[in-house]
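J.: sharing a model that was predicted from the sequence below.
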Amino acid sequence: MGREGVEIRRRGRAIEIVARRKDGNAYFSTFELPKNAVPEERVLRIRGGLLVLIIPKRKRI
């Protein structure tokens, strides 16, 4: 699986992830985000076949 097979969509305070593999299998999941999450600053990495999605939180002032 590469980045080209991963689709990330924002749905209100949730994130949907759809990952398609070259063999035709697909994986789907939805995660609700906390109010202080900043999904626009997300980082996507693929390590050893694992999808790693990092979504930072706003800093408290």
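T.: Looks like it arrived, so ask away.
J.: work out for me the element the residue at minimal distance from the centre of the chain sits within.
T.: Central residue of the chain (Cα atoms, centre = their mean): Leu53, 4.7 Å from the mean position. Leu53 is part of strand 50-54 when elements are defined by DSSP states H and E.
J.: now do the same for Met1: its pLDDT.
T.: Met1 carries a pLDDT value of 60.
J.: please apply the same query to the one 3 residues further on.
T.: pLDDT for Glu4: 78.
J.: for this structure, what spans make up the strands?
T.: With strands called from DSSP state E, the chain shows them at 6-11, 14-20, 26-32, 43-47, 50-54.
J.: need those in TSV (columns: distance to Arg60).
T.: Every C-beta, even on glycine, is put in place using the N, C-alpha and C of the backbone. Listed next are the strands of the chain as TSV, based on distance: least, Cβ to Cβ, whole Å:
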stretch	distance to Arg60
strand 6-11	23
strand 14-20	22
strand 26-32	21
strand 43-47	21
strand 50-54	19
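J.: most tightly packed of the ones you listed?
T.: Looking across these with neighbours counted as mean count of other Cβ atoms under 10 Å, the highest average goes to strand 14-20: a mean of 15.
J.: average pLDDT across that strand?
T.: In this model, strand 14-20 has a mean pLDDT of 92.
J.: before we move on, the earlier item: the residue nearest to the centre of the chain is in contact with Ile46, isn't it?
T.: No: if you go by Cβ atoms under 8 Å, Leu53 and Ile46 don't touch, sitting 10.1 Å apart.
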